[in-house]
Structure formats: C-alpha cells, structure tokens
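**Student:** here's a sequence, model it:
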Amino acid sequence: MKSLLYLFFTGLVFLTGCTRPEALGPGATFPALSVENLSGETVAVPAQFSAEMRLISIRTLGCRFCKSDFAEMEKLYQYYDRDKLAIFVINVGFEKKNVADFLRDKTVSFPVLVDKAMESMKLTKTTILPVVYLIDSRDVIIARIQGSFSFEEIRYEIDSFAEKSLREKNSL
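**Tutor:** Residues are numbered from 1 along each chain as shown. Purely as a prediction, here's the structure:
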C-alpha cells in the first residue's frame with residue numbers, strides 16, 4: 001500500500017509540475033520595489049540609491065544566518081566609497097519596531113528597510129533567506145549569494161566586476 005501511495009504522489013508531482021519559481025540571478029534585471037525605512041518614509045529600491053554597484057540584502061529577524069552578516073556589511077560600507085557601492089538591507093516579515101529593537105545594539109551605518117508584506121521576496125522569487133543581490137548601475141544583477149557571506153567574498157565579486165567593466169571600456 002505504501003508503494004502505491006508513493007507512486008501516486010510521485011506521479012502527481014511530475015504531472016502537476018510541482019516546482020518553485022527560479023529566483024532572479026545574474027543577468028536579470030532587479031525589480032523596482034517600494035519599501036519603508038525605519039522612519040516610515042517610502043524608499044524606491046534600487047532607484048533611490050545611486051552608485052556604481054548596489055548590494056541589496058534581503059533577510060529576516062527570524063533567521064540565525066540573517067542576523068549574523070551585519071558586521072560584514074558594515075565593513076563593506078566603511079571600505080568602499082559611496083559612489084562605488086551602496087548597501088542596504090530589506091528586512092522582511094517583521095514590524096519596524098522589531099527591526100529597530102534588533103538594531104539598537106549594532107553598529108549599522110547603511111540603510112535598513114522594512115518589508116512586512118514580503119513583496120521583495122515575491123518580486124525577486126526568493127524562497128530561501130538570507131540572499132544578497134549585487135547589482136550594477138543599470139539594475140542588472142551581477143551576483144546572487146545565498147546564505148551568509150564574508151567581506152572577502154563580496155569584495156571579490158565587486159573587484160571582479162570592476163575589472164571586467166574596465167576591460168570592456170578599454171576594448172571600445
């Protein structure tokens with residue numbers, strides 16, 4: 001009987017196409033979002049942040065890994081000039097008060113935005129958090145990093161993109 005049920009459900013999965021939508025990745029255009037900052041002002045993401053590259057981190061307070069990378073992002077924020085890299089976090093699923101309470105004892109110089117309705121996850125087709133999108137000035141995704149990351153990992157992506165852009169400019 002268990003074998004028949006297994007075959008039935010396995011067949012059902014194949015027939016109905018039970019799959020998750022593929023999350024946006026390199027080469028795709030990052031969607032326009034409207035989210036609030038901790039002061040309640042609406043922020044246009046990524047349009048309101050002008051820099052050669054932008055790091056958009058989508059995370060939630062309910063995840064251990066999502067809480068751990070703030071120090072790495074702060075290092076990046078201090079390391080790069082603002083015209084080279086803009087960094088911001090979109091926190092999903094929690095109220096502004098919860099996010100503000102979490103940040104109270106952290107050193108965070110970059111903007112933290114709040115998306116209680118989780119629209120950013122829907123528009124980017126993100127199903128697993130945390131995720132970091134590194135996008136260029138035309139809103140094209142350069143890299144997508146799933147899970148925790150290190151300062152060195154992001155710096156490598158940024159520097160690789162800068163070198164590639166320089167080579168492309170010189171070949172024109």
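
**Student:** which ones are touching the closest residue in space to Met53 that isn't next to it in sequence?
**Tutor:** Nearest residue to Met53 in three dimensions, chain neighbours excluded: Leu85, at 5.2 Å (CB to CB, 6 or more residues apart in numbering). Glycine gets a C-beta too; all of them are placed from N, C-alpha and C. Counting by CB atoms under 8 Å, 6 or more residues apart in numbering, Leu85 touches Ala51, Glu52, Met53, Arg54, Leu55, Leu76, Tyr77, Ile158.

**Student:** quick one: which of those sit in helices?
**Tutor:** Mapping the contacts of Leu85 onto helices (DSSP state H) picks out Leu76, Tyr77, Ile158.

**Student:** filter the residues you listed to the buried ones?
**Tutor:** Among the ones in helices among the contacts of Leu85, those classed as buried by 16 or more other CB atoms under 10 Å are Leu76, Tyr77, Ile158.

**Student:** pLDDT and distance to Leu103 added to those residues, as a markdown table?
**Tutor:** Shown next, in a markdown table, are those (pLDDT from 0 to 100; distance: CB to CB, whole Å):
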| residue | pLDDT | distance to Leu103 |
| --- | --- | --- |
| Leu76 | 93 | 17 |
| Tyr77 | 94 | 14 |
| Ile158 | 84 | 24 |
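
**Student:** as a markdown table, the residues you listed with distance to Asn98 would be great.
**Tutor:** Shown next, in a markdown table, are these (distance: CB to CB, whole Å):
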| residue | distance to Asn98 |
| --- | --- |
| Leu76 | 24 |
| Tyr77 | 22 |
| Ile158 | 31 |
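
**Student:** nearest to Gly40, of those?
**Tutor:** When these are ranked by distance to Gly40 (CB to CB), Tyr77 comes first, at 22.8 Å.

**Student:** how near is the residue nearest to Met53 to Asp136?
**Tutor:** Distance, Leu85 to Asp136, using CB to CB, to the nearest Å: 11 Å.

**Student:** ok, now Pro111?
**Tutor:** Distance, Pro111 to Asp136, by CB to CB: 19 Å.

**Student:** list the buried ones in stretch 128-147?
**Tutor:** Within stretch 128-147, the residues that count as buried by 16+ other CB under 10 Å are 129-136, 139, 141-145.

**Student:** ugh, wrong one, I meant stretch 104-122
**Tutor:** Val108, Phe110, Pro111, Val112, Leu113, Val114, Asp115, Met118, Ser120, Met121.
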